[in-house]
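> missing the sequence, but the structure's below:
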């Protein structure tokens, strides 16, 4: 399931409230630096908290990232059944 972190959003609540065995968080590049750092730092601990039933990963598109590349990264993480706690920077 693709989840998009909105500016000012709570990544932990976003991930915990979602349904599905795979949760891929799209962390937009336009977040303020503190929110970006908090979101990046939360992926590993959330993956540990929800394992083994749920996989948690993230994609961070650079400002010049192509949508097709972001979609490919999300699709990869959705299908990578042994991958959790990873953050892919695309762009």
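Received it, and whenever you're ready, just let me know what you need. The model shown is predicted, which means the values in this text are computed figures rather than measured ones.
> Which parts of this protein are helices?
Applying DSSP state H to the chain gives helices spanning 11-17, 33-50, 67-79.
> Tell me which residues touch the residue located most distally from the centre of the chain, please.
For the chain, the largest distance from the centre (CA atoms, centre = their mean) belongs to residue 64, which lies 18.3 Å off. Residues near residue 64 by CB atoms under 8 Å, 6 or more residues apart in numbering: residue 91. Using the backbone N, CA and C atoms, a C-beta is placed for each residue, glycine as well.
> returning to what we had before: tabulate the helices of the chain in TSV, adding columns for mean pLDDT.
Putting those into TSV (pLDDT from 0 to 100) gives the following:
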stretch	mean pLDDT
helix 11-17	98
helix 33-50	97
helix 67-79	98
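> Now mean neighbour count and distance to residue 60 too, for the ones you listed, in JSON lines please.
Shown next, in JSON lines, are the helices of the chain (neighbours: other CB atoms under 10 Å; distance: least, CB to CB, whole Å):
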{"stretch": "helix 11-17", "mean neighbour count": "16", "distance to residue 60": "12"}
{"stretch": "helix 33-50", "mean neighbour count": "16", "distance to residue 60": "7"}
{"stretch": "helix 67-79", "mean neighbour count": "15", "distance to residue 60": "9"}
